[in-house]
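Participant: here you go, sequence then predicted model.
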Amino acid sequence: MEHLVTSGTFSLDGGTWEVDNNVWLVGDADEVIVIDAAHDDSKIADAIGTRRVVAVVCTHAHNDHINAAPALADRTGAPVLLHLDDRLLWRQTHPDRAPDGYLSHDRRLTVAGTELVVLHTPGHAPGAICLYAPHLGTVFTGDTLFHGGPGATGRSFSDFPTIIRSIRDQLLTLPPDTVVRPGHGSSTTIGAESADLQKWIDRGY
C-alpha cells in the first residue's frame, strides 16, 4: 500500500471548502489499483510510475474524490469504476464523461494477487463503498468512516441513519484490528471506533 495526500476543493449545495484528500495505491512493483483519484492526476501518475493501473476506483462521487479520475484514466488506460447509485453525483462533476464500469456489493477486484471486496455503504452518498482487503487486514472507507466517527451527512444525497446502518452491518462486523484507511485524515481501527459508534446503534439507528 502507498499513500498520497492531494489538495483542492470540495463543492456541494452551493458551498466550497478547501480539503486534503487521501489517495491510496494498492499493488506491487508491476500493477496497482488507485483508490480515489483526487485533485492532481500528475502527482498520482508520478507515484504510479510505469506500473499498470488495473482500475481507478471511486469510493463515492463527491467532486473531491473524482475530479482527477478521468484525466488519470486517460493517462493510464485504466477504467474508472463507481457504484451505480452515485451516477447522479458523478454527472455534477463530469456531465460529458461516464464511468467505465459500475461496482456492486460483494464484487471482487484483484491486484497483484490481493483481493479487494466491495462493500456498499450508503449514507454519506447513495453509492458510497468501502474496499476490504482481508489479507492486508485493512479497509479503505472513503468518507463512510473516519478516525472519530462516521462521515458527514448534512448535505444533499446523504442520510445519517443510513450511514450508521452501513457501518453497523458492513464495517463493525470486520475484525477489531482491521486498519481503517479513510478518504481524509489519519487511519484508525475498527475496534477503536466501535465503542463510540455503539451509542448511535443503541439509540436505534
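Facilitator: Perfect, thanks for sending it.

Participant: so what's the residue nearest to Thr144 when sequence neighbours are not counted up against?
Facilitator: The shortest distance from Thr144 to any residue that is not its chain neighbour, by Cβ to Cβ, 6 or more residues apart in numbering, is 4.5 Å, and that residue is Thr121. (Glycine included, C-beta is placed from N, CA and C.) Contacts for Thr121 (Cβ atoms under 8 Å, 6 or more residues apart in numbering) come out as Ala128, Ile129, Cys130, Thr141, Thr144, Ile163, Ser166, Ile167, Gln170, Leu171.

Participant: what is the neighbour count of the first one?
Facilitator: Spelled out, it's Ala128. Using other Cβ atoms under 10 Å, Ala128 has 32 neighbouring residues.

Participant: equivalent analysis for the fifth one, please.
Facilitator: The local packing of Thr144 (other Cβ under 10 Å) involves 28 other residues.

Participant: quick one, what contacts it?
Facilitator: The neighbours of Thr144, taking Cβ under 8 Å, 6+ apart as the test, are 59, 121, 123-124, 128, 130, 150-151, 163, 166-167, 171, 182.

Participant: restrict the helix or strand harbouring Ile33 to CA atoms and write it as CSV.
Facilitator: Element membership of Ile33 [criterion: DSSP states H and E] is strand 31-35. What follows is strand 31-35, C-alpha atoms only, in CSV (Å, rounded to 0.1, in the frame of the first residue of the first chain):
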residue,chain,number,x,y,z
GLU,A,31,0.5,-3.2,-11.1
VAL,A,32,-1.8,-1.1,-8.9
ILE,A,33,-5.3,-0.1,-8.2
VAL,A,34,-5.9,3.6,-7.4
ILE,A,35,-8.5,4.4,-4.8
